[in-house]
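Colleague: sequence first, predicted coordinates after that:
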Amino acid sequence: MIVDKVKIFIKAGDGGNGAVSFRREKYINAGGPDGGDGGNGGNVVFVADPGMRTLMDFRYHKRYKAQPGENGKKKNMRGKNGEDLVVKVPVGTVVMDAETGRVAADIRDGDGVIVLHGGVGGKGNARFANSVRQTPRFATPGKKVVEREIVLELKSIADVGLVGFPNVGKSTLLSCITSARPKIENYHFTTLTPNLGVVKTYDYDFIIADIPGLIEGASAGAGLGHAFLRHIERTRMIAHVLDIAGSEGRDPLDDYIKIREELKKYSQPLAQRPEIVVANKADLPGAEENLKRFLKTYPDKQVFLISAATHQGTDELKAAMMEVLKTLPEEQVIEEEGVLEEWRMQDSELTLEIGRGEDGVLEANGSLIEEIFSRINPDEPDSMRHFHKLLRDMGILKKLVLSGAKDGDTVRLNGEEFDFVE
C-alpha cells in the first residue's frame, strides 16, 4: 500500500513553571527569593530521511509530542529545557496546517526544519525582587503550547517523471539507466511506490522517478489516482513511456491519449511540462508499425524508440533527457510560511481592543491581555499586584480611563471580570 497523504497531531513541549522559593541557610536571616526559571519546552523538528519512501508509519502513529521543560528549582536553578522531537519523513514531504492549509515546511534535506516551537519557561520569583517588593511570593507559569493537526503530503522530487500505463516497462527502464533496483514482475501494479534513480554522466547528473502506473480516470481518483499523480507535480519534465508493440493488447496511440487526458484533468501546468515520448519494447513484433502510426499522428513529438530489456537506444534517450533538462529552470521550492505557532511574539504583534459589550460593561480584549495573563498567578496576592503594575506599564489602565472607566467599575479583560482600580 502507498500512503502519500496523512493527518497527524503534533505538540511542542510546554514551558516549565517558574519556582517560588526562599533562601534558608543557617546563620543567614532573610536570605531572599531564590526561585529559578522554568526550562523551555522542546521543539517539533521535521527532517528528511532518504531511506523512507512512503508515509506509511504515520498511518498507525498519529500523535507526536515533544518533551516539556522542567520547572524551576530553588537556589536559582533553572529547569532543564525539553528535548526536541525529531520526526523523520521522506524527502519531498510538505507539512501543512490542517485547518488553514498554511505550508509550514517543504522537507528537502536532513538539516531539520522547526515546525512548532516549544513554550518558553516561566520566571521564578527571584526575577521579581526589587527594593520595594523584597519577598515576592509568586512566579509565572510556563507558556503552554496548543496541539496542532497537520497534513503531511509526499511529493517526490525528481527532474524526470516516467509516466505511462501499467506494465509498459517504466521500472525496467529505470533499472537499466540508473543504479536503482525496483521490483520488476510481469503483472500490473508491481510498483506501488515511486522509485527514484540517479542518471550519472561525465558532466551532468539528474534524478528520474518511476511513477507507478496510471489508469484511465486517475485524475478522479480511480485506481490509486492522486496518490500517483501527486508525485509528478515536482518533476521538471515528463518521459511518457509507451508499450509501442502493444504487447498488453492495448493500442499505444490510445494509451497516449488517455494518459495525456488524465494529466490535463489533474493539472494544466503539469500537462504543459516538456515531454519526451519513450517508445519501449522495440524488440517485440508490431513495434515498427505502431511507431510509424504514432509519428504520423504526432509528427511534432520527440520520440525515442528503445528496448529497456535489451538496452537498445537507452544511451541516446539519456543524452536527450540531459539536453532538455539543461534548458529548464530548477524545480521551484514550495513557498514556506514558517512555524505554525511562534511563542516569541513581538510587541508590535500584540493586539488590544477596547469597547463596551452588549451589557454595557467596558471590555479589553486581545493578545496583549493574554500575554499579561500568562505572567501571573491569580491565587497569589503578590502576583495580582504585579498584574496591576503590568496593566499600568503597558498603558492599558490609561486607555480604560480614556474610555470611561472609573474606580469601582466592573471591567472585563478577555472575558474575566475585575473591579477597576486606577
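Modeller: That came through, no problem.
Colleague: in a strand, residue 31, correct?
Modeller: No: assessed with DSSP: H, G, I helix; E, B strand; the rest coil, residue 31 is coil; it does not lie in a strand.
Colleague: I'd like the numbering to begin with 261 instead of 1 from here.
Modeller: Renumbered: residue one is now 261, and that last one reads residue 291.
Colleague: isn't it right up against residue 334?
Modeller: No: contact between residue 291 and residue 334 fails when scored by Cβ atoms under 8 Å: they sit 10.6 Å apart. Bear in mind the C-beta positions are built from the backbone N, C-alpha and C, glycine included.
Colleague: who touches both of those two?
Modeller: Both residue 291 and residue 334 are contacted by residue 283, under the criterion Cβ atoms under 8 Å, 6 or more residues apart in numbering.
Colleague: more neighbours: which of the two?
Modeller: Using other Cβ atoms under 10 Å as the criterion, residue 291 and residue 334 rank with residue 334 on top: 17 against 10.
Colleague: mind listing what that one touches?
Modeller: Per Cβ under 8 Å, 6+ apart, neighbours of residue 334: 279, 281, 283, 294-296.
Colleague: now with 7 Å?
Modeller: For residue 334, the contacting residues are 279, 281, 294-295, by Cβ atoms under 7 Å, 6 or more residues apart in numbering.
Colleague: farthest-separated two in those residues?
Modeller: Farthest-apart pair in the contacts of residue 334 is 279 and 294; separation 8.5 Å (Cβ to Cβ).
Colleague: so those two - more neighbours on which side?
Modeller: residue 279 (26 against 21).
Colleague: now the helices for the stretch 461-610 of the chain?
Modeller: Counting by DSSP state H, counting those that start in this stretch, residue ranges of the helices within the stretch 461-610 of the chain are 486-492, 512-526, 528-531, 547-557, 574-586.
Colleague: out of those, flag the one nearest residue 464.
Modeller: The nearest among those, by Cβ to Cβ, is helix 574-586 at 5.2 Å.
Colleague: shaky segments in the protein?
Modeller: 261-263, 287-290, 416-417, 439-454, 472-491, 591-598, 601-609, 635 (pLDDT under 70).
Colleague: show me the residue at the heart of it, geometrically.
Modeller: Nearest residue to the geometric centre of the chain (Cα atoms, centre = their mean): residue 355, 1.6 Å.
Colleague: quick one on the thing from earlier: need the winner for burial among the helices of the stretch 461-610 of the chain.
Modeller: helix 486-492 (a mean of 22; mean count of other Cβ atoms under 10 Å).
Colleague: next, the buried residues of stretch 391-406.
Modeller: Across stretch 391-406, burial judged by 16 or more other Cβ atoms under 10 Å covers 393, 396-403, 405.
Colleague: pick the one among those closest to residue 584.
Modeller: For the buried residues of stretch 391-406, the nearest to residue 584 is residue 405 (47.5 Å; Cβ to Cβ).
Colleague: separation between that closest one and residue 632?
Modeller: Distance, residue 405 to residue 632, by Cβ to Cβ, to the nearest Å: 19 Å.
Colleague: equivalent analysis for residue 527, please.
Modeller: Relative to residue 632, and taking Cβ to Cβ, residue 527 is found at 48 Å.
Colleague: cool, residue 461 as well?
Modeller: Counting by Cβ to Cβ - residue 461 and residue 632 are separated by 63 Å.
Colleague: between those two, who's got more neighbours?
Modeller: Neighbours around residue 461 and residue 632, counted as other Cβ under 10 Å, are more numerous at residue 632. The numbers are 19 against 12.
Colleague: so where does that one fall, helix or strand?
Modeller: helix 627-633 (DSSP states H and E).
Colleague: what does the helix or strand following that helix contact?
Modeller: Later in the chain than helix 627-633, the nearest helix or strand by DSSP H and E is helix 641-653. For helix 641-653, contacts defined as Cβ under 7 Å, 6+ apart pick out 388, 393, 396-398, 632, 635-638, 657.
Colleague: next: stretch 654-662.
Modeller: 612, 614, 622, 624, 628, 651, 671, 680, 682.
Colleague: then stretch 382-393?
Modeller: By Cβ under 7 Å, 6+ apart, stretch 382-393 touches 275-281, 292-298, 332, 336, 396-402, 642, 646.
Colleague: just the ones in helices from the residues you listed, please.
Modeller: 642, 646 (DSSP state H).
Colleague: and residue 570, what does it touch?
Modeller: Neighbouring residues of residue 570 by Cβ under 7 Å, 6+ apart: residue 543.
Colleague: so it versus residue 542, what's the distance?
Modeller: Residue 570 is 8 Å from residue 542, by Cβ to Cβ.
Colleague: turn the contacts of stretch 654-662 into CSV, columns for secondary structure.
Modeller: Shown next, in CSV, are the contacts of stretch 654-662 (three-state DSSP):
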residue, secondary structure
612, coil
614, strand
622, strand
624, strand
628, helix
651, helix
671, strand
680, coil
682, coil
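Colleague: can I get those residues in JSON lines including neighbour count?
Modeller: Putting those into JSON lines (neighbours: other Cβ atoms under 10 Å) gives the following:
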{"residue": "612", "neighbour count": "14"}
{"residue": "614", "neighbour count": "17"}
{"residue": "622", "neighbour count": "19"}
{"residue": "624", "neighbour count": "22"}
{"residue": "628", "neighbour count": "22"}
{"residue": "651", "neighbour count": "24"}
{"residue": "671", "neighbour count": "21"}
{"residue": "680", "neighbour count": "16"}
{"residue": "682", "neighbour count": "12"}
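Colleague: which two in the residues you listed are spaced the farthest apart?
Modeller: Between all members of those, the farthest pair (by Cβ to Cβ) comes out as 628 and 682, at 18.6 Å.
Colleague: now do the contacts for the residue nearest to residue 634 when sequence neighbours are not counted.
Modeller: Excluding the flanking residues, the one nearest residue 634 by Cβ to Cβ, 6 or more residues apart in numbering is residue 403, at 6.2 Å. Residue 403 makes contacts with 275, 379-380, 603, 634, as judged by Cβ under 7 Å, 6+ apart.
Colleague: just the closest of the residues you listed to residue 324, please.
Modeller: Among the contacts of residue 403, residue 379 lies closest to residue 324 (Cβ to Cβ), at 16.1 Å.
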